[in-house]
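[1] Quick one: sequence and predicted model below, then my questions.
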Amino acid sequence: QVQLVESGGGLVQAGGSLRLSCKPSGSFFSFGTMGWYRQAPGKERELAADISHGGSTNYADSVRGRFTISRDNTNNMVYLQMNSLKPEDTAVYYCHAQYATTWFSGFNLDSWGQGTQVTVSS
């Protein structure tokens, strides 16, 4: 089982920047797609950005051009650099990862972090 721990959230003024990090622990062989989701109060959880094992990225329209997702396959970490933050970016941000426990199993398991709060003041 894999545990994901997010860090880097906080309070920032509009126009500011934050960098989120996600560090896995536990038993795994390799990670597939890793991503960041967010959930604002009263809204459903939505994808902000994800990145495949090979580095292909996908962004929500609302964050494209402002957020950059990256990963370090050596340390199995994923990051989200958030620039030009807006009050509407306020949400709990969750790390998500698909993973494999053996080389032949495929990325058939997934895990969620506990979330980190990002608050953007106007």
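    Yep, it's here.
[2] what's the distance between the most centrally placed residue in the chain and Asn73?
    For the chain, Trp36 is the residue whose C-alpha lies nearest the centre (Cα atoms, centre = their mean; 2.5 Å). To Asn73, Trp36 is 17 Å away according to Cβ to Cβ, to the nearest Å. To be clear about C-beta, it is placed using only N, CA and C from the backbone, and glycine gets the same treatment.
[3] List the residues that contact the residue nearest to the centre of the chain.
    20, 22, 47-50, 69, 78, 80, 93-96 (Cβ atoms under 8 Å, 6 or more residues apart in numbering).
[4] and the residue sitting furthest away from the middle of the chain, backbone torsions?
    Note on the chain: the largest C-alpha distance from the chain mean falls to Phe104, namely 25.7 Å (Cα atoms, centre = their mean). Here is the backbone geometry of Phe104 (degrees, to the nearest 10): phi -100, psi 0.
[5] cool, and Phe29?
    The phi/psi pair for Phe29 (degrees, to the nearest 10) reads phi -100, psi -50.
[6] my read: it touches Thr101, true?
    Yes. Between Phe29 and Thr101 there is a contact at 5.5 Å, judged by Cβ atoms under 8 Å.
[7] What sits closest to Lys43 if chain neighbours are left out?
    With Cβ to Cβ, 6 or more residues apart in numbering as the criterion, Lys43 has its nearest non-adjacent residue at 7.9 Å, and that residue is Ala91.
[8] Could you give the bridge partners of the one you found?
    Per DSSP bridges, the residues bridged to Ala91 are Val118.
[9] That one and Asn76: what is the separation?
    As judged by Cβ to Cβ, Ala91 and Asn76 stand 24 Å apart.
[10] more crowded one of these two?
    Under the criterion of other Cβ atoms under 10 Å, the comparison of Ala91 against Asn76 puts Ala91 first, with 22 against 19.
[11] tell me the helices in this structure, going along the chain?
    Shown for the chain, no helices are assigned by DSSP state H.
[12] Poorly predicted segments of it, please.
    Applying pLDDT under 70 to the chain flags no residue at all.
[13] mind running it again at 90?
    The model of the chain has pLDDT under 90 over residues 1, 102-106, 108.
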